[in-house]
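K.L.:
Provided below are the primary sequence and the corresponding predicted coordinates.
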Amino acid sequence: MRHLGILATTPEGAALCFRVFCQQGLDERGQRDRPAVTLDCIALARSLPAWERADHQSVRATLSVSAQGLARAGADFFACPDNTAHVALEQPGPDLALPGLHIAEVVADQAARNGHTRVGLLGTKYTMDGPVYPRALAARGIAAEVPVARDRVILYEIILAELVHGLFTERARQEYARIIGRLAARGCDAVGLVCTEIPLLVPPEASPLPVLDSTRLLAAPPSPPLPAIGPCRPGAAARCDLTRWPPLRRVCRIWSSNLLDAG
């Protein structure tokens, strides 16, 4: 049985990831049995100033502390239920203490399986303006769209002032639905909820478009095998052969300086 480490920065998305992962483990194993999970959370406030000055290396250094803690706790790999964090995790630098699952790859794989061709993205300003999702979607022939500038500000303000604090209001839900409707009018055939708190605010029935729920996809992927990365490269901390452990048949990446040579 593999041991999952959850590398968290905010409690709401991490808690949803934890619950879904454990529920999936119960479904797979039965009899109240679940895979082992360890969660480490360094508060977002510790890295937010670095995000504001676009110092992604400092954010990566902060995240690496969590990865080290998870490794000491015995985790075999980590999942990071923070879409924005992947912007920093993709920066060049020393290998982290554990291999990690890439949330954008998981979401993009599901978009491709669903046959989507144009996906709107709702997340923090760093995620919406960043390269992670456009690149992952483009690799599968899928276009990425983001809301107009004013709507991006509204989305981010709601995330930072409300969602990460566990506040989910009808006003915010209506704003998100309005923005998703505008993406639909621009030709999007799905919307990626690529901030892990957004699925708690916008369930599928409240969205004008089909949703790609980054939190649940990270925690409980579909069972058909996905393209998988084999053994971790020399020098990495652990072997990463997740194809043998349902439900984690998915892409796993070692966050290192050799970004394009995941292996």
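P.N.:
Yes, it's here.
K.L.:
which SSE is immediately downstream of the helix or strand where residue 159 lies?
P.N.:
Using DSSP states H and E, residue 159 sits within helix 149-161. Next helix or strand after helix 149-161 toward the C-terminus (DSSP H and E): helix 170-185.
K.L.:
tell me which residues of that next one come out buried.
P.N.:
172-173, 175-177, 179-180, 182-184 (16 or more other C-beta atoms under 10 Å). Using the backbone N, CA and C atoms, a C-beta is placed for each residue, glycine as well.
K.L.:
and the gap between residue 214 and residue 14?
P.N.:
Here residue 214 is placed at a distance of 13 Å from residue 14 (C-beta to C-beta, to the nearest Å).
K.L.:
joint contacts of those two?
P.N.:
Common contacts of residue 214 and residue 14 (C-beta atoms under 8 Å, 6 or more residues apart in numbering): residue 196.
K.L.:
those two: which is more packed in?
P.N.:
Shown here are residue 214 and residue 14; by other C-beta atoms under 10 Å, residue 214 has more neighbours (30 against 23).
K.L.:
so who does that one touch?
P.N.:
The contact partners of residue 214, taken as C-beta under 8 Å, 6+ apart, are 83, 103, 106-107, 192-196, 199.
K.L.:
contact partners for the residue lying closest to residue 101 once chain neighbours are set aside?
P.N.:
Spatial nearest neighbour of residue 101, excluding adjacent residues (C-beta to C-beta, 6 or more residues apart in numbering): residue 79 at 4.7 Å. Shown in contact with residue 79 (C-beta under 8 Å, 6+ apart): 4-7, 17, 21, 100-101, 103, 218-219.
K.L.:
hmm, try it at 6 Å
P.N.:
Shown in contact with residue 79 (C-beta atoms under 6 Å, 6 or more residues apart in numbering): 6, 101, 218.
K.L.:
so which of those are in strands?
P.N.:
Using DSSP state E, the members of the contacts of residue 79 that fall within strands are 6, 101.
K.L.:
most neighbours out of the contacts of residue 79, which is it?
P.N.:
The most crowded member of the contacts of residue 79, judged by other C-beta under 10 Å, is residue 218 (28 neighbours).
K.L.:
and it, what does it touch?
P.N.:
Taking C-beta under 6 Å, 6+ apart, one finds 79, 81, 103, 106 in contact with residue 218.
K.L.:
fine by me, thanks again.
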